[in-house]
Each structure stands twice: as structure tokens, then as C-alpha cells.
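# quick one, what's the 3D model for this:
(one chain, ligands or ions: 1)
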Amino acid sequence: MAKNPQEQKMQNVVSLCRRKAFIFQSSEIYGGLNGCWDYGPLGVELKKNIKAAWWQDMVTSRNDVEGVDCSILMNARVWEASGHVKSFTDPMVDCTKCKGRFRADHITNNQCPTCGTKDQFTEVRHFNLMFKTFVGALEDSSSTTFLRPETCQGIFANFDNVISTCRVKVPFGIAQIGKAFRNEINPRNFTFRSREFEQMEMEFFTRPEEADKWFEYWKDFRYNWYLKYGLKKERLHLRPHATDELAHYAAGCADIEYDFPFGRAELEGIANRTDYDLKRHSEFSGKDLSYFDPTDNKRFTPFVIEPSAGADRATLAFLVDAYEEEAERTVLRFHPKLAPIKVAFFPLVNKEGMPELAEKLTFACKKRWNSFYDDKGAIGRRYRRQDEAGTPFCVTVDGETMTSQTVTMRERDSMKQERIAVDQVMPYLEKQLNGD
Ligand code: ATP
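From the prediction side, this is the model:
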């Protein structure tokens, strides 16, 4: 059956990711592992740039957010306090005809999405999404713990450590980027729903009466963050949750959603988690996690505003958003800050000192940016290869370079070429790549 244009686009993006070494299936030579993905040489640069942009904007450039990097394995009591042991479950049903397993709340008209059979489902069963493991030599209940299903609990568990060592004052935030694991019943849509993924989370602690104000602030800040790095506004949506969608402890929640080729779906959630987490951890650990504010001598348990984003979902959104097929080329129009390779250097021909100069420029630039040298094939083909990798600038060293000390600087989106002096290559790139 012919694919619709969006399905076709998704298929083309997936195959480009494989061909250009952005994303591979995990353990592919063994047939893969469902819900797990590996980032190749270009993908790792792209994802690293996205995480670095997040860290820069959420932590380093601010004076009210600190960073942490917590362990993936934590004391199992953490997951009792957080509520995950009891209720981090999906309601599942099996189709008795085709044996497919589905989220009960994703079934419409009681009809199997795979084989179409009606009214042939098992009773709803609840599956806990946490990966269980054992710490130490014994495999019994006393040594059981879980791979963390979210990074934020490490932040709550360190709230008191940060308060007592970092001279922070409410309102302030603690941020973390790291792996999370969920035994998703039905991983799908490429990396969108994976079993192993990375989160970029920040918990912002506020006075209860200021929580609404900060909730508005972070919704706005996070929505604009995606626009800043180039996602198209018409594909990006901020959707407030309906009251019946809210977690029982949340006072407000909104999702940032993106129109992926497979439909509109969540990129990030921003929630007002009230004082639920700190109170639960106080209760379960016996450690008082309230905060004393010396400005008015008041003691209270801070409310928490949490912007929680997925690094892999963001990477996928930036990939599909940047992807364009034109008559003569396929191009990834990444924001220069996110582009895996910033600049590529080509000698027009492999003689007359051109390769030597192009290589010299490549290594000079490599000290600052991920740069690439390519002397293979016709020059047009080399441009096309960099367009597919999303490289914003290409520099060609040609016959004229040797006489006039100038090179051709070619810009990816407009494909415009201009001659600039060899000694202006670095300042030009500096302005384009590092200017705000
Ligand atoms: P969904 O409803 O799509 O399962 P969620 O609401 O359970 O997501 P959260 O618990 O709010 O997700 O997690 C915060 C962020 O972590 C999500 O917005 C998403 O970007 C990312 N994330 C969550 N689950 C996955 C997954 N299985 N694969 C990739 N990223 C994920």
C-alpha cells in the first residue's frame, strides 16, 4: 500500500539516520534489542550539542540553578517514596486472537489495532514499567532495586545536600541530565518511545505562594527554548492538561508537543508538583526536608516546578524538523549551534598545495569546532554530502586561493558562495557559530 507523505517522510528520516551514522539499532549484528538505540558519529555530536545547549541555558548561564549528576541505581526506598513501586504501571490487555499486547487506554471500540478482531481482549492487567535488578551477590528482596525510571528523584534525594553546601536560597533549581529506563510495553516511532533514554530535568524550588508565577515562567521559557534552536513555531504547541489528566499530586501541568510525522506528541512536560516529593522523602527517609527562610524567619516545604524533557525526543524533533527534500538535494537545516559538523574543508583538486592548505585550515578549526576534511569526488557531491549531514558551512580551497589568499565560503541554506580571505575564515565562523 502506498505510504502517505508523512509516513514516507518518517521512513526517509530513519533511513538517512542509518546511512549518515546518526542513529543505529542497538546490538544490530545480533538482530537488535527492541526499544534501544545507538547514536553514531553524527548522532552523538547532535545529541551532545542539544544537551550542551540545555545545560548552558538552564544551568551555566543562570545564577539560580545548580547541576548534579546522580547514580542510576538508588536505594529502593526512593521508589517507594516516589510512588513508583506501587503505581508506575500501564494498564495492559492482550488480544486473544493475534496475541498482540496493548495499552488498555489506547484501544478504541474494543477493537484490536493489529488484527481488527472485536471484543477479544483479556482482562486489564497492570505492568510495572521499572526494570528490576539486584545489588550485590544475593538475588532476594533485600537486594532488589530498580534502574531509575526518571532522573528527578536523585535531585530530591540531594535537596538537603545542595542546600547545606551551596549557599542557595529559595527560589532556586537543581538540574540533571542522565539516563532513565522504562520497560515500555510497546516501544515505537523510532527513538520516540524507547526503553533506555535520556532525560533533561530541572526541579525549581519555590515558596508555595510563588509557585503559580514560576510555573508560568518555566512554561514560557521552555516553549521558547525549542524555538530558539529552530523548531518551527507552527509545529510546536503548549497544551495545558485538563484537570482529570493531572497526577494526583500536581497542581498544574502542561505539555510541549511537537507535530512529528507520526502525529502530535509530547516533547516535554512542565508540572507544578507542589510539595509532594519533598514531603514524601521527608516521611520515608526521616530527614526533615523543609526549608528555613531567614528573610522572614519562616519554615516551609518548597513547592516544585519541574520542566522535564527527553534528550532523545528533542533530538528526533530537531532531526525531522530540519529535514527537507529539495529537487537536487536532501538537506538538514540544523541551527548552527546544534549541527554535528560545523564546517567542512575541500581542496578543489588534490594537487598544487590545495590539500595541504585545506588540511591545515581543518586542524586549525578543529581546535574550536567539529570540522571535517573531504577530498573525495566532485565538489558538488561533497556539498551534497555535507547538506545531508546538516553542516552549515563549507570552505573550498581552489586555484585562486594560491594566488589571492582567498577561499570560497558556501552557506548551506542559501547555497550562496562568497570569497573571503584565508585569514578571515576563523573570525567569520566565530561570528556565525558563536555570536548570539
Ligand atoms: P509519555 O506520556 O509519552 O509516556 P510521560 O508523560 O510518561 O511520556 P514523563 O514521565 O513526563 O513522560 O517524562 C518526561 C520526558 O521524558 C517526556 O516528555 C519525554 O521527553 C521523555 N520520555 C519519557 N518516556 C520516554 C520514552 N519511553 N522514550 C523516550 N523519551 C521518554
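# so what strands line up beside the helix or strand harbouring residue 346?
Here residue 346, judged by DSSP states H and E, is contained in strand 343-347. Strand pairing for strand 343-347, determined by DSSP bridges: strand 371-373 (parallel), strand 393-397 (parallel).
# can you name the element that comes right after the shortest one?
Tracing the chain past strand 371-373, the next element assigned as helix or strand by DSSP H and E is helix 379-389.
# any chance you could list what contacts that next one?
Applying CB atoms under 8 Å, 6 or more residues apart in numbering, the set of residues contacting helix 379-389 from outside is 16, 20, 42, 328-332, 340-341, 344, 346, 348, 372, 374, 376, 394, 396, 410, 412, 415. In short, each C-beta sits where N, CA and C put it, glycine included.
# of those, keep whichever come out buried.
Buried residues within these, counting neighbours by 16 or more other CB atoms under 10 Å: 16, 20, 42, 331-332, 340-341, 344, 346, 348, 372, 374, 394, 396, 410, 412.
# got the domain ranges for this protein?
5-74+148-321, 341-434 (automatic domain parsing).
# show the end-to-end separation of the first one, please.
Chord length of domain 5-74+148-321, first to last residue, is 15 Å (CA to CA, to the nearest Å).
# hmm, it in reach of the ligand?
Yes - Domain 5-74+148-321 reaches the ligand (CB under 6 Å from any ligand atom) through 150, 182, 184, 193-194, 197, 199, 266-269, 308-310, 312-313.
# and which of those residues is nearest the ligand?
residue 310 (2.3 Å; CB to the nearest ligand atom).
# make TSV from the domains of the chain and add distance to residue 83 and mean pLDDT to it.
Formatted as TSV, the domains of the chain follow (distance: least, CB to CB, whole Å; pLDDT from 0 to 100):
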stretch	distance to residue 83	mean pLDDT
domain 5-74+148-321	7	97
domain 341-434	41	96
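# now for the residue nearest to the spatial centre of the chain: which residues touch it?
Compute the mean C-alpha point of the chain, and by CA atoms, centre = their mean the closest residue is residue 311, 1.3 Å away. By CB under 8 Å, 6+ apart, the contact list for residue 311 reads 47, 50, 51, 54, 177, 197, 198, 199, 200.
# for the first one, what are its contacts?
Looking back up the chat, that one is residue 47. Contact partners of residue 47, counting by CB under 8 Å, 6+ apart, are 39, 198, 311, 312, 315.
# what residues sit buried inside stretch 390-401?
So stretch 390-401, judged by 16+ other CB under 10 Å, has buried residues 390, 391, 392, 393, 394, 395, 396, 397, 398, 401.
# straight-line length of it, end to end?
End-to-end distance for stretch 390-401, by CA to CA: 26 Å.
# got a pLDDT number for residue 142?
For residue 142, the model assigns a pLDDT of 82.
# count the residues that sit near it.
9 (other CB atoms under 10 Å).
# picking up where we left off before, can you redo the domains of the chain as CSV with distance to residue 95?
Listed next are the domains of the chain as CSV, based on distance: least, CB to CB, whole Å:
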stretch, distance to residue 95
domain 5-74+148-321, 13
domain 341-434, 41
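# out of the ones you listed, nearest to residue 91?
Closest of the domains of the chain to residue 91 is domain 5-74+148-321, at 10.1 Å (criterion: CB to CB).
# for the stretch 1-150 of the chain, just list every one of the helices.
Taking DSSP state H, counting those that start in this stretch as the criterion, the stretch 1-150 of the chain carries its helices at 5-19, 41-55, 77-81, 84-87.
# run through who's touching the strand holding residue 346.
The contact list for strand 343-347 (CB under 8 Å, 6+ apart) reads 354-355, 357-359, 361-362, 365, 369, 371-375, 379, 382, 386, 391-397, 429.
# got the angle between the helix or strand following that strand and strand 393-397?
Downstream of strand 343-347, the next assigned helix or strand under DSSP H and E is helix 354-366. Angle between the axes of helix 354-366 and strand 393-397 is 150 degrees (criterion: axes from the mean of the first three to the mean of the last three CA atoms, to 10 degrees).
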